[in-house]
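[1] 3D model of this:
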Amino acid sequence: MLFPLFYTDFMSSKTIIENKSILEALRKLDKITKESQTLFVLNREERMVGTLTDGDIRRYLVAGGNLSDEVKNAMYTDFSFIKDGEDNIVALIRDLKVRDITLVPSLDNQGRIVNIYDLTNYKSHLPIDAVLMAGGKGERLRPLTEKTPKPLVKVGDKCIIDYNIDNLIAYGIKHLNVTVNYLGEQLEEHFAESRNGVQVRTIREPKFLGTIGSIKFVDTFHNDYILVMNSDLFTDIDFEDFFLHFREHNAEMSVAAVPYNVSIAFPISLYGRSIFMTDTGNYYVLNHLVLITGLTDRTLRSYIASGILQGEKINGLWHFTPEQVENFIRHPAVLPSIQAKRNALVHDFLLNTYKSQPEACIILDMPGANRVKVAEYFCYRINTENFRDIHFSYDYVEGIPRVILKGKTEDVLNLTNGYYQDHPIE
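    Numbers count the residues shown, from 1 in each chain. Okay, here's the model as predicted:
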């Protein structure tokens, strides 16, 4: 925690002038909590000249000193401190914590105390502003969110957002902003009073602007670094480590994420060795690949940047040949499942390089889906609708339902799209 110099009561309790007696110093130390029993010793000009603990006093008395002697005789002069305005303050604080130093003064150019950092009750002191987005409707949690905004839904005896607020404060973050919209008055009331000396600001979003849209309504930032996060996260991320990683790599932006793999519809090949039959000629564009792979436009562009997906940019539009698209689909980083040729339908489909009609073979891995309902859905549709040319295979691989469909392109996509329309991915 950061304590400004004008917080005179605190500063008076933590400082002592060098010509005061050791007995007076002991009386001051006795009033300080055990976690931070340290006095900062100042000279007559209020410049810091040392630190004093009860251990320093014991060693001095054992060596023959007296309680009436001046503090400067027993103080420790090789003390740790941080220069005010230091650019690398977070890394310095981490180093001091490793050395079990619990209180660190920040000194100006004249050696006067400007701030004191408490490393006992706070994990760090991060020079960032935080923005927590709390304006969503939380529709997937209904009916819990019909009268309560999702961030205020309780988990245990605590609101979801409070886990994040308290964690950010624990990292010494003092400037916290919460953007609100849906049932925003409840969040405004919730943060009406400060907590641990920090006032959380609520900012109204005039209309639903989607993810991160509300940040433009935060009119004041106190630091050069801004942390933007959802208010309903449950995370044990080390924000200090995240910040230092960001600084060490001189990044413009860093994103914290967790690995999460979801296998969805992957067309392996269409119409012989071509991937997708279109009316655009012998090339394909990003929109086609979105339809083919189920990947987002952003993900495809990241594959372009990494070189996995190769193409040519013409008049601002990416173009891909059938060979380039097929190489991308079969790349081990994109479709590792087709390398396992134990699936007979997939194996046969790939071996057959000539096909009389546009065909597709799709592997669907469905983590979290009900195995019985998955099988019932495809069996019912294939048997009751006109899908005579569809070949269907069902398996249960490592606790995950797997469906393989092979047949006319139109029929395969009809079944696949129908399933995901009826069973959207959470």
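[2] And the helices in the stretch 251-400 of the chain?
    Across the stretch 251-400 of the chain, reading from the start of the chain, the helices by DSSP state H, counting those that start in this stretch fall at 286-293, 297-306, 322-329, 344-351, 371-384.
[3] now for the last one, which elements pack on it?
    Think helix 371-384. Contacting helix 371-384 under the criterion 3 or more C-beta pairs under 8 Å, 6 or more residues apart in numbering; DSSP states H and E are the following elements: strand 391-397, strand 400-408, helix 409-422. Glycine gets a C-beta too; all of them are placed from N, C-alpha and C.
[4] now it against strand 400-408, angle please.
    Calculated by axes from the mean of the first three to the mean of the last three C-alpha atoms, to 10 degrees, helix 371-384 forms an angle of 20 degrees with strand 400-408.
[5] average model confidence for helix 371-384?
    When the per-residue pLDDT values of helix 371-384 are averaged, the result is 82.
[6] can I assume Tyr117 sits in a strand?
    Yes. The assignment for Tyr117 by DSSP: H, G, I helix; E, B strand; the rest coil puts it in a strand.
[7] what about the residue nearest to it when sequence neighbours are not counted, neighbour count?
    Computed as C-beta to C-beta, 6 or more residues apart in numbering, the closest residue to Tyr117 that is not its neighbour in sequence is Val104, at 4.4 Å. Around Val104 there are 21 other residues, counting by other C-beta atoms under 10 Å.
[8] Tell me how far Tyr420 lies from His190.
    Between Tyr420 and His190 the distance is 37 Å, computed by C-beta to C-beta, to the nearest Å.
[9] Looking at these two, which has the bigger crowd around it?
    The residue with more neighbours, out of Tyr420 and His190 and counting by other C-beta under 10 Å, is His190; that gives 20 against 14.
[10] Surely that one touches Ile160?
    No. Contact between His190 and Ile160 fails when scored by C-beta atoms under 8 Å: they sit 11.5 Å apart.
[11] residues shared between the contacts of these two?
    Leu152 (C-beta atoms under 8 Å, 6 or more residues apart in numbering).
[12] quick one on the thing from earlier: wait, which of the helices and strands packed on helix 371-384 is closest to Gly311?
    Taking C-beta to C-beta as the measure, the helices and strands packed on helix 371-384 were each checked against Gly311, and helix 409-422 came out nearest at 22.3 Å.
[13] what's that closest one packed up against?
    Under the contact criterion of 3+ C-beta pairs under 8 Å, 6+ apart, the helices and strands touching helix 409-422 comprise strand 359-365, helix 371-384, strand 400-408.
[14] Give me the angle between the shortest one and strand 400-408.
    Same thing as strand 359-365. Using the same axes, to 10 degrees, strand 359-365 lies at 170 degrees relative to strand 400-408.
[15] residue furthest from the geometric center of this protein?
    If you look at how far each residue of the chain sits from its centre, by C-alpha atoms, centre = their mean, the farthest one is Gly64, at 56.5 Å.
[16] Now do the same for it: helix, strand or coil?
    With three-state DSSP as the basis, the three-state label of Gly64 is coil.
[17] With the one 3 residues further on instead?
    Here Leu67 takes the coil state, with states given by three-state DSSP.
[18] where are the low-confidence patches of the stretch 1-150 of the chain?
    The stretch 1-150 of the chain contains residues with pLDDT under 70 at 1-11, 33-35.
[19] how does it look with 50?
    1-8 (pLDDT under 50).
[20] Now do the same contact list for His222.
    If a contact means C-beta under 8 Å, 6+ apart, then His222 has Asp129, Lys174, His175 as its contacts.
[21] Now intersect those residues with the strands, please.
    Asp129, His175 (DSSP state E).
[22] Just list the residues touching the residue nearest the centre of the chain, thanks.
    The centre of the chain sits closest to Ala256, judged by C-alpha atoms, centre = their mean, with a distance of 3.7 Å. Residues in contact with Ala256, defined by C-beta under 8 Å, 6+ apart, are Thr235, Ile237, Phe242.
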